[in-house]
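1. based on what follows, work out the 3D shape:
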Amino acid sequence: QLQLVESGGGLVQPGGSLRLSCAASGFTLDYYVIGWFRQAPGKERERVSCMGTSGGYTNYADAVKGRFAISRDNAKNTVYLRMNSLKPEDTAVYYCAARNRRYGSVCPPGAMDYWGKGTLVTVSS
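-> Now for the predicted structure:
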């Protein structure tokens, strides 16, 4: 069974940090571009970050640049999102998704091949 499973979400105070993990099973992430997305209540899903297969290419949404960092450990078949200096507006369900590398190092929300079920991040005092 092909799946992505996120973990690491929770309640954190403003200014705090969290590290999200996304573990793949049933397929190897080596051949997939990975994206992290989030969806806040009442808002559309947005891309937070995208990383190419080798990790050499990354991009970030303007809202998280300098605070979030995406990384991958292909040996563990896992992707991470380190989130620092969290703000209340970062509150959302965070999803990881994978897209076959043959389409290039892009992460269009409507064209990812696999999605996890999400993990909730709540930033509140």
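
2. the residue nearest to residue 74 when sequence neighbours are not counted and residue 114, how far apart?
-> Leaving aside its chain neighbours, residue 74 sits nearest to residue 30 (5.1 Å; criterion: C-beta to C-beta, 6 or more residues apart in numbering). Just so you know, the C-beta spots here come from the backbone N, C-alpha and C atoms, and that holds for glycine as well. Separation of residue 30 from residue 114 (C-beta to C-beta, to the nearest Å): 14 Å.

3. okay, now residue 104: neighbour count?
-> When neighbours are defined as other C-beta atoms under 10 Å, residue 104 has 11 of them.

4. so what pLDDT did it get?
-> With respect to pLDDT, residue 104 scores 87.

5. and for residue 65?
-> On the pLDDT scale, residue 65 gets 98.

6. for it, give me phi and psi.
-> phi -60, psi 130 (degrees, to the nearest 10).

7. quick one: the strands in the chain?
-> For the chain, the strands defined by DSSP state E cover 3-7, 10-12, 18-25, 32-39, 46-51, 58-60, 68-73, 78-83, 92-100, 114-115, 119-123.

8. comparing the ones you listed, which comes out most buried?
-> Across the strands of the chain, averaging neighbours per residue (mean count of other C-beta atoms under 10 Å) puts strand 32-39 on top, at a mean of 24.

9. residue furthest from the geometric center of the protein?
-> residue 125 (23.7 Å; C-alpha atoms, centre = their mean).

10. for the nearest residue to that residue once chain neighbours are set aside, what are its contacts?
-> Nearest residue to residue 125 in three dimensions, chain neighbours excluded: residue 13, at 5.3 Å (C-beta to C-beta, 6+ apart). Shown in contact with residue 13 (C-beta atoms under 8 Å, 6 or more residues apart in numbering): 123-125.
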